[in-house]
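[1] Prediction below, plus the sequence it came from.
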Number of protein chains: 2
Amino acid sequence: VIWIAVDALGGDLAPGPIVAGAVAAARHFDLGVVLVGPRDRIAAELARVHHDPDRVRLVEASDVIGMAEAPAAALKRKSRASIRVAADVVARGEAAALFSAGHTGATVMAAHAAFGMIDGVDRPALAAALPTRKRPSVLLDVGATVECRPAHLLQFAAMGSVYARVSFGISTPRVGLLSIGEEESKGNELTREAHQLLKAADARGEGWDFVGNIEARDVYSGDADVIVCDGFTGNIALKVSEGLIETASDVIARELGHAAGGRPSRRPASAGRTLGVARALRRFRSRMDYAEYGGAPLLGVAGIAIVGHGRSSARAVRNAVAMAHRFAGSAFIERVAREIALSTVPHQ
Amino acid sequence: VIWIAVDALGGDLAPGPIVAGAVAAARHFDLGVVLVGPRDRIAAELARVHHDPDRVRLVEASDVIGMAEAPAAALKRKSRASIRVAADVVARGEAAALFSAGHTGATVMAAHAAFGMIDGVDRPALAAALPTRKRPSVLLDVGATVECRPAHLLQFAAMGSVYARVSFGISTPRVGLLSIGEEESKGNELTREAHQLLKAADARGEGWDFVGNIEARDVYSGDADVIVCDGFTGNIALKVSEGLIETASDVIARELGHAAGGRPSRRPASAGRTLGVARALRRFRSRMDYAEYGGAPLLGVAGIAIVGHGRSSARAVRNAVAMAHRFAGSAFIERVAREIALSTVPHQ
C-alpha cells in the first residue's frame, strides 16, 4: 500500500475537512495516510469519521505556518511546523507523496528543502488544471516562481507536458505561451525570448508541440493543453478567474432573485429558473476550482507534492490525496526527470 | 457643438456599426461626428441610417492599419491610414476627441504622435472600467505600456483617479496595486517597489487613498476604485475575464440545453430556465464588456482618445462617442494635467 503524508494543520478549515478527506481517500483508494499534526486534535477528528485504523498513521507536529507569515523566516523558526514534518516524512521514505492545503509559499519551500530539485530543473512550478470547452488545460506556473527567466518557461513546458500525459492521457501535448498577442513579437521581454526558446526546442523535436502564443482570452478555449507563464502572471490569471466567477454568480443570483421576488405573478417560472441558474453556476464553479481536479502538483522538486486550495473541502482533499496516489503509482518524478534529461533544455 | 473624430475604418466590423453608432450618438447627445474613412463607403453607410447632416462631417482617408500589422512600421508607411488622419483632425483642433475601435497599438501610437504627452506623464495607459458588486472599478494599464517602471504605476494612480472622479463621481478614489498577495512584501520587483512609492505618495496626501495590494481574486470585489498594474498584467487580467465569461456562458447554456432536451417531461420548466440563464449571463457579459461603459480612455496623452473593442457594436460605438463627448465637456485633459502637476509624482 502507498502512503501519503498529509499536513493536517494546513488549510483555512484545518484539521476538520483535511482529516475527513484524507481518511475518505484511504477508504476509496488503495492507499494509507500519514496525518501530521497535533495527535489529540487529529484523534478527536478521527473519532467523528468512519475510517480503517490500518490505513491511518499519526505523526506529531504541534506548530503551523500561518497564512500571513513570511514563509522563509517562519519555516526556519518553527522546526515542528506540520508542513516541515510532513515533508520530512516523505524525504525519509515513510510516505510516497505530500499533500498540504496550507500556506502555498511555505509548502513550496518545505518541499524544496526536503526533496531538492530534479536534475536540470532550476525553479519549481505549480500547475493548475483549468476547465475548457474540451478537456482540461494545464496552466503553469501559478505562483511558485514569481520572477522567471526564459529558460524556466522552457522547463515548465517539459514538466507540464508530463502532467498532461499522466493526468489527461494526452500523448503529445500542445504547448502554448501565455502572452498579450498572437504574434511572436507581442508581449514583454520574457515572453519574446521564451517564444524563441520554445520555437527552437520544438524544431529540435520534443515530446510536445509548440503552438505559439496563447492570448489570455483563449486560456479557456482549449487551444493548448499546456500553457506556460511566470508565476506572477499565472497567479493573476487563475485568481482573477476565481474572483470573476464568484462575483458573476452572486450578481446573477441576486438579479434573478429580485426578478422572482418583484413580479411573481408575471414570472411564474422565476423560482425554478433561479434554482437552475444557481445550480448551473455552482457546477461550473466547481469545475473552475482546481482543488476539484485534485489540487495543483508542485513540479520540479524531486518528490511528489500536491498543493490544495486554502479553503479545501473534505471532498477536495480526498481528490487531492487520490491524485498524489496516482502520481506516486505512475513514477511521476522519474518520468519528469527523464523528459528533462532527454530534452535539450539548456541549464541555467 | 462639440465634434468627435471617429475612425470609421477601425474595428472588425467597420465601417457599418461604426458609422451607425457615431450618428446615433450625434442624434442623442449635443455633439457632431467627423467620420474619417473612404468617402464613398461612408456615404453608403450613411444612406442606410437616420442622421442629421448638420451633425456629420466626412474626412477622406483611404487606408487602414490591419489588426495583424506591426503598428509602428504600418503607421509610418501609411500616411493616409484612417487612425492617423483622425488623430490629426483632433490635433488641428477640428474635433475635441478621438474614437477608434481599430488596432489598439496603432491608436496608442497615433494618439501619442499627434497629441504628445501630458507634462509629467512618461507613459500612456489604457483604463478599463470593470463591473464589481458595487460601482465599477477602473483597471489600468490594460495594454498601452507593456513594460513599466514603478513611477509609471504612480502616474497611473493619479490619472486613474481623475477618470474615477469624472466618470463615476468618486471624490477620493481608493487606489489599489494589483499583486499576488496582500502583504507589501508579496509580488514581483515592480509591485514591491511601486507599493513603496504609492505608500509614500499617500502619506504626503494625494487626491486619492492607497489601500495597498489588491489580489487578483478581489479585482471584481469593489475593494478599490482604481487598480494599477503594468500593461502586460492588466491585459492578461482583462482578457482572461472575457474568455472565461464566454466559455462559462457556452458551457452552462449547453448543459441546460441538454437537460431540457433530454428529459422534457420531468423538467417542465427547463426551456424557460435555459432562457433565463441565457439572459442573465448575457446581461452580465454586457457589463463585463468595457465597450458598454463607452470604451477605454487612453490616459496620459495630451488629448482625449477613447479606444473601443475590436468587435464594437453600433451601441458600443454610440456609448464610446458619448464618453468622448463627456470627457471633452469636463476639461478632462486639464484636470489630469493639474492632478499630475500638483502631485508629487517623481519624473523619470
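    Sure, I can see it.
[2] the strands in the stretch 51-200 of chain A, which residues?
    Ranges of strands in the stretch 51-200 of chain A, per DSSP state E, counting those that start in this stretch, are A:56-60, A:97-100, A:125-130, A:137-140, A:174-179.
[3] out of the ones you listed, which comes closest to chain B?
    strand A:174-179 (7.0 Å; CB to the nearest CB). C-beta here means a position set from N, CA and C on the backbone, and glycine is covered the same way.
[4] quick one, what contacts A:V85?
    By CB atoms under 8 Å, 6 or more residues apart in numbering or on different chains, the contact set of A:V85 is A:V36, A:V59, A:E60, A:A61.
[5] 6 Å - rerun?
    By CB atoms under 6 Å, 6 or more residues apart in numbering or on different chains, the residues touching A:V85 are A:V36, A:A61.
[6] thinking again about what came up before, tabulate the strands of the stretch 51-200 of chain A (TSV), appending mean neighbour count, mean pLDDT and distance to A:A216.
    TSV is the format used below for the strands of the stretch 51-200 of chain A (neighbours: other CB atoms under 10 Å in any protein chain shown; pLDDT from 0 to 100; distance: least, CB to CB, whole Å):
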stretch	mean neighbour count	mean pLDDT	distance to A:A216
strand A:56-60	17	98	42
strand A:97-100	32	98	29
strand A:125-130	27	94	12
strand A:137-140	30	96	11
strand A:174-179	26	98	7
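[7] Residues of chain A that sit close to chain B?
    A:133, A:146-147, A:180, A:188, A:216-220, A:232-233, A:235-237, A:239-244, A:247-248, A:252, A:256, A:269, A:272-273, A:276-277, A:280, A:284 (CB under 6 Å from any CB of the partner chain).
[8] Write a PyMOL command that selects only the buried members of those.
    Typed into PyMOL, the line below selects the buried ones among the residues of chain A next to chain B, using 16 or more other CB atoms under 10 Å in any protein chain shown:
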select buried, chain A and resi 146+180+188+216+217+218+219+220+232+233+235+236+237+239+240+241+242+243+244+247+248+252+256+269+272+273+276+277+280+284
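[9] out of everything not next to it in sequence, what's closest to A:H50?
    Residue nearest to A:H50 in three dimensions, not counting chain neighbours: A:R27, with 7.2 Å by CB to CB, 6 or more residues apart in numbering or on different chains.
[10] what's the helix or strand for the one you found?
    helix A:16-28 (DSSP states H and E).
[11] for the record, mean pLDDT for the following helix or strand past that helix?
    Moving toward the C-terminus from helix A:16-28, the next helix or strand (DSSP H and E) is strand A:31-37. The average pLDDT for strand A:31-37 rounds to 98.
[12] List the contacts of stretch A:212-225.
    A:132-134, A:137, A:164, A:170, A:173-174, A:176-179, A:182, A:211, A:227, B:236, B:239-240, B:242-244, B:247.
[13] out of those, which are inside helices?
    A:A164, B:I236, B:K239, B:V240, B:E242, B:G243, B:L244, B:T247 (DSSP state H).
[14] Need the worst-confidence member of these.
    Lowest pLDDT among those: B:T247, with 85.
[15] what helices or strands is the helix holding A:R27 leaning on?
    strand A:31-37, helix A:39-48, helix A:314-329 (3 or more CB pairs under 6 Å, 6 or more residues apart in numbering or on different chains; DSSP states H and E).
[16] can you rerun that using 8 Å?
    In terms of contacts (3 or more CB pairs under 8 Å, 6 or more residues apart in numbering or on different chains; DSSP states H and E), helix A:16-28 is packed against strand A:2-7, strand A:31-37, helix A:39-48, strand A:56-60, helix A:314-329.
[17] What angle do strand A:2-7 and that helix make with each other?
    Interaxial angle of helix A:16-28 relative to strand A:2-7 (axes from the mean of the first three to the mean of the last three CA atoms, to 10 degrees): 180 degrees.
[18] ok, the most centrally placed residue in chain A - contacts?
    Centroid check for chain A by CA atoms, centre = their mean gives A:A296 as the closest residue, at 1.1 Å. A:A296 is in contact with A:L126, A:A127, A:A128, A:A129, A:V142, A:Y290, A:I306, A:V307, A:G308, counting by CB under 8 Å, 6+ apart.
[19] 10 Å instead?
    Residues near A:A296 by CB atoms under 10 Å, 6 or more residues apart in numbering or on different chains: A:104, A:125-129, A:138-144, A:163, A:238, A:290, A:305-309, A:320, A:323.
[20] swap in A:R326?
    Shown in contact with A:R326 (CB under 10 Å, 6+ apart): A:I2, A:F29, A:L31, A:A97, A:V166, A:S167, A:G294, A:I304, A:I306, A:F332.
[21] Just the buried ones from the residues you listed?
    The neighbour count (16+ other CB under 10 Å) marks A:F29, A:L31, A:A97, A:V166, A:S167, A:G294, A:I304, A:I306, A:F332 as buried among these.
[22] Neighbours of the closest residue to the fourth one other than its chain neighbours, how many?
    Using CB to CB, 6+ apart and skipping residues adjacent in sequence, the residue nearest A:V166 is A:S330, 5.3 Å away. Other residues within reach of A:S330 by the criterion other CB atoms under 10 Å in any protein chain shown amount to 15.
[23] does A:S330 really touch A:R165, like I thought?
    Yes. Contact criterion CB atoms under 10 Å: A:S330 and A:R165 qualify, at 9.4 Å.
[24] In the sheet, which residues pair with the residue nearest to the centre of chain A? Tell me.
    With DSSP bridges as the criterion, A:A296 is bridged to A:V307.
[25] pLDDT score assigned to it?
    A:A296 is assigned 93 on the pLDDT scale.
[26] what's the distance between it and A:G143?
    Going from A:A296 to A:G143 by CB to CB, to the nearest Å gives 9 Å.
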